[in-house]
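1. let's see this in three dimensions:
(4 chains)
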Amino acid sequence: MSATRFERMLVTGARCIADGEVLFVGFHWPMLMARIARRLHAPNIVIVYENGIVEDRLTPTFPTSPCDLVAAEGATVCAGSLDALYMWLGSGRVQMTVLEAPIVDRYGNVNTTAVGPYSKPKVRLPGSGGGTELSSLGRNLTLVNASSSKRSYPERVDYVTSPGYLGGAEERARLGYKPGTGPRTLVNPLGLCKFDERGEMYLAALHPDIAPEEAKASFGWPIRIEGGYEVLPAPAADELKVVREELAHAKERYYLLPEA
Amino acid sequence: MSATRFERMLVTGARCIADGEVLFVGFHWPMLMARIARRLHAPNIVIVYENGIVEDRLTPTFPTSPCDLVAAEGATVCAGSLDALYMWLGSGRVQMTVLEAPIVDRYGNVNTTAVGPYSKPKVRLPGSGGGTELSSLGRNLTLVNASSSKRSYPERVDYVTSPGYLGGAEERARLGYKPGTGPRTLVNPLGLCKFDERGEMYLAALHPDIAPEEAKASFGWPIRIEGGYEVLPAPAADELKVVREELAHAKERYYLLPEA
Amino acid sequence: MSTGAKPILSMKEAVRRFAPDGQELIIGGFAFSDPTALAHELIRQQRKGLFIMKTSGGVLVDQLVGAGCVTRVLSCHVWNSVGPVPAHCFRRALEQGKPHAIEIEELSYGAFTTALAAGACNLPFMPTTPVQGAGHFTQRTFLPEKFAVVENPFGGGPVCVVPPLKPALGFFHVHRADEYGNAQLFGPAGEMRFAMAACKKLVVIAEELVDTEIIRQHPEATVAPGFMVDAVVVEPWAAHPTDSYGYYYRDLAHHALYGELSRTEEGFRRYIDEWVLATGDHAGFVTKLGEKRLAELKVRHRRYW
Amino acid sequence: MSTGAKPILSMKEAVRRFAPDGQELIIGGFAFSDPTALAHELIRQQRKGLFIMKTSGGVLVDQLVGAGCVTRVLSCHVWNSVGPVPAHCFRRALEQGKPHAIEIEELSYGAFTTALAAGACNLPFMPTTPVQGAGHFTQRTFLPEKFAVVENPFGGGPVCVVPPLKPALGFFHVHRADEYGNAQLFGPAGEMRFAMAACKKLVVIAEELVDTEIIRQHPEATVAPGFMVDAVVVEPWAAHPTDSYGYYYRDLAHHALYGELSRTEEGFRRYIDEWVLATGDHAGFVTKLGEKRLAELKVRHRRYW
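-> Numbering: from 1, shown residues only, chains lettered A, B, ... in the order given. So this is what the prediction gives:
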């Protein structure tokens, strides 16, 4: 069976992770991507979580969230949130930050709070958690959106939970966010997006079977695509094997997986 | 042998300590006083130190300073200085604060930094340590000065290491110090001083053999003495016994004791 | 806020004494060490009008909201982290005002942590994550002063700051406590040390009561010195279905069961009837979980403490 | 600031690589866990012009000042805490400019802690103890911006704040470390967690090197995750004559010996010649202390870790 778009997204995300780095990994698919990367080409990454856990090796059991404390079994460090969010992330010691972004706009602003008016939302979502910190303070911020539906890519989010470039890179800088922060990459089932110097998202790479027009139609604004956009290599056999093993493991751990 | 003035000072200081309170105890004689109180009438005090130790019972060995870690043997809590100075002291959870004040002025300002000009001191002293926090943040602040020499009680200290009422209680309040802080009591070999509502020190109690005139002559300004000042009861036999045992113990631990 | 022995209370009695209708309280835990047993008892005693602060609300806050105990929530996240599936009651309350409308005020986890740190340390404010431009900076429901922006006096532009958060009351799950209230927690601590110290009154809910000599063996793990603590509740499995590090694992199946049932108001009612009201107390709840489930959840490796 | 194995260096090599003349460095310890072995090696290598930051300077800073290694000190306290007796070299330097003048800048311990916390957290400043009116607020030697006063944006008057302190380099005594730099300290931690995280480069001086599996047994005691650490020095008795919790006690007799000898410049010279130069390295120093003294100082009760 060839790889689904979702599986290819996981592989693409995992490939973005360089071995030997310190990663701040947020809830959900980012955790799965980091685990896959660790099993494939990045055994020496060190993962930190917002509650203060440092996970420096593959845990026997896949944690359902950073607060599923199987993540802390055999941890080298158990500290707290001030350590994680400021002493590790805010200090710039974390080299890559991976955050789920189920609704994300033109400037990389993420909404995980409310669709529709805040005081009477059409859909209420969980809120920030540490997501605001990941996007405000994190270096090499990589967003993950497992959807390719237009509803997930509005031109402007109804509520900015995790600030991207706000109305543009200038606005972010003016408000006191540090240089070097802000989203760099978005991984989704179509491929990879990057952000230009004005903070606007553009399509930078696509999976082989995805036509630029199809990709563009998934976004709620006329997204720019690079003329010479990259075509992503298909997952290798070992990559796909690991992805599927981990998806099976995740399912046992009550992860809800997208329909194939 | 009847009690020396120094011994009586220790007894007086110990008597100021009420059983069952949380005490922030500074370096040197305050530690000895708290230990004596604990052996006499205050077995249930809980002592906290600036490095984060909580000492809730008599340690077998007398610590030479709060950082002599025999103080931490059997401690119920070992935390850090942010805990001790802010979460315990600054929060108001500490009910009594005891600070050595070898040079102290009319308004309870303490100098442990430099005598003479700061940049070319006649006598250089250790500096603040946590003393500034004890006097800035501590509730029911009790100062201890083992000297009764006029040099130890200038009208105005050359350098304010631990702020008392500065130029008077009004100044302290204006600068943002919290209500309820500031020195309440000074214990010395002559007796006890208190502070009036303007923040000025006055003689409130004397040991029986000390004439008001002699006491007043120890201060570098015309100190006020209450008409009906209290005469302190002489140490009881059990008090003196404990004081002497602890002084012997302190001496073994290299404490330098005043000449008898 | 005193020394000496503290009252050792049953959960029933602790809720009765400390948490009347309308109480403002912070509840500890960050999707682990969530004292769900407390929420169940608040529901059994039919509390109304509570103002709940909780960094990660989780299933605990969802149940309190669904049961109509709460009018205000201050939080950074409310969801069922297994699946993940929505916190359905929380959604119903905010989307449809069912069972009744609630007010929500939000912070990011970092802002919550720093506000609690300022409260714990009794500092007048604390610089925090830059969040200007984020929704929770602009959107203020019942805490109009939850953020401010000041100029950095040392140069370098605007600085986002939070005021100190000082909850009137805190209930925190810990691993063990002694009769003096000295409370210990192992594993990650999240914001808990600050949160406990920020509280004006503090009740700890311990998995076990131990002798002070045991506390002395690991003084670094004491997250609240006894003098901060007003009462101790001893309640094994109090954090179920979340984890208690070294004691038991997250009960994924129970999270899923609750997630499924709470999809409808009727299903939620059934869950509450069956698991909260009919069980009578937390011991009853634990009995209902059954020996087999408990054995599965128990951490099997040897603890070092 | 990377993952992976870190260089395990001798003290000689660590000083050579990391601490050239003129280096700015913070040295860990607060009258316990003072890495005196580091000071001795700096003296052996005849460092000049160092800018030393240390919360509690103690005998360690006194020796560096007496040996002429230091031009600037940032501290909150410098004294010989056994007796107590003066830090004689420190006094001579400030009172008489011997062996040469030094510049001193002072903070209170709380201000130092909060400045390091701001540095550690990369926050632009931090509210601290009110110290307006105190000498160290007014008196500024080489850090003109060591304090500022801002208005509380939430009302309530002036607030004293400190800028973040971010030392270029830190050397910290810890109890044990692994090859990845994960460093653990038991007992009270003072300001150490913040101080280590505030450093741009960090070297830990461990009593013992242990396997990572040992580190994993007490993850709460890790005061610096390996990714913060640039190199590890393994040096037993590195903190003598101060305490190393669980390892050895404060050597009171040695403090007294040093206090007595250092009363005069000539006596100080003798101490340095005999105890620092003639011993060659810290192993030599420890040999000179002798088996009997070491046995007396060793903590006899069983450690729990």
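2. so how far is C:Leu165 from C:Glu145?
-> 11 Å (Cβ to Cβ, to the nearest Å). For every residue, glycine as well, the C-beta is placed using N, CA and C.
3. of those two, who's got more company?
-> A count of neighbours by other Cβ atoms under 10 Å in any protein chain shown puts C:Leu165 above the other of C:Glu145 and C:Leu165, at 26 against 12.
4. separation between the more buried one and C:Ala118?
-> In terms of Cβ to Cβ, C:Leu165 sits 7 Å off from C:Ala118.
5. with A:Phe24 instead?
-> Taking Cβ to Cβ, one finds A:Phe24 at 24 Å from C:Ala118.
6. quick check: closest non-adjacent residue to residue 107.
-> Went with chain A since none was named. Leaving aside its chain neighbours, A:Tyr107 sits nearest to A:Tyr165 (4.1 Å; criterion: Cβ to Cβ, 6 or more residues apart in numbering or on different chains).
7. my question was about chain C
-> Closest to C:Leu107 by Cβ to Cβ, 6+ apart is C:Cys76, at 5.3 Å.
8. and residue 95, how many neighbours does it have?
-> Because you didn't say which chain, this covers chain A. A:Gln95 has 20 nearby residues by other Cβ under 10 Å.
9. actually it's chain C I care about, not the one you picked
-> 16.
10. any idea which element it lies in?
-> helix C:88-96 (DSSP states H and E).
11. over to A:Ala215?
-> Per DSSP H and E, A:Ala215 falls inside helix A:212-216.
12. can you tell me which residues contact C:Asp21?
-> C:Arg47, C:Lys48, C:Gly49, C:Leu50 (Cβ atoms under 8 Å, 6 or more residues apart in numbering or on different chains).
13. correction: A:Ile17
-> By Cβ under 8 Å, 6+ apart, the residues touching A:Ile17 are A:Leu23, A:Met33, A:Ala34, A:Ala37, A:Ala42, A:Ile45, A:Met96, A:Val98.
14. how does it look with 10 Å?
-> A:23, A:25, A:30, A:33-34, A:36-38, A:40-42, A:45, A:47, A:96, A:98, A:142 (Cβ atoms under 10 Å, 6 or more residues apart in numbering or on different chains).
15. with C:Phe172 instead?
-> For C:Phe172, the contact set (Cβ under 10 Å, 6+ apart) comprises C:26-29, C:33, C:35, C:38, C:183, C:185, C:192, C:195-196, C:199, C:202-206, C:223-224, C:229.
16. if we go to 7 Å?
-> C:Phe172 is in contact with C:Gly28, C:Met192, C:Met196, C:Val204, C:Ile205, counting by Cβ atoms under 7 Å, 6 or more residues apart in numbering or on different chains.
17. leaving out sequence neighbours, find the closest residue to A:Val77.
-> That would be A:Val54: by Cβ to Cβ, 6+ apart, it lies 3.7 Å from A:Val77.
18. helix, strand or coil for that neighbour?
-> strand (DSSP: H, G, I helix; E, B strand; the rest coil).
19. near it, how many other residues are there?
-> 26.
20. C:Val65 too?
-> The local packing of C:Val65 (other Cβ under 10 Å) involves 29 other residues.
21. and it, what element?
-> helix C:58-66.
22. show me what contacts residue 109?
-> No chain was given, so I picked chain A. A:Val157, A:Val160, A:Pro163, A:Gly164, A:Leu166.
23. chain C was what I was after
-> C:Tyr109 makes contact with A:Glu50, A:Ser81, A:Leu85, A:Ser128, A:Gly129, A:Gly130, A:Glu133, C:Thr55, C:Cys76, according to Cβ under 7 Å, 6+ apart.
24. what about the fourth one, how many neighbours?
-> Per other Cβ under 10 Å, the neighbour tally for A:Ser128 reads 30.
25. measure the closest residue to it other than its chain neighbours to C:Val65 for me?
-> With Cβ to Cβ, 6+ apart as the criterion, A:Ser128 has its nearest non-adjacent residue at 4.3 Å, and that residue is C:Ser108. Remark: distance between C:Ser108 and C:Val65 (Cβ to Cβ) = 21 Å.
26. just the buried ones from the contacts of A:Ile17, in PyMOL syntax?
-> A single PyMOL command selects the buried members of the contacts of A:Ile17 (16 or more other Cβ atoms under 10 Å in any protein chain shown):
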select buried, chain A and resi 23+25+30+33+34+36+37+38+40+42+45+47+96+98+142
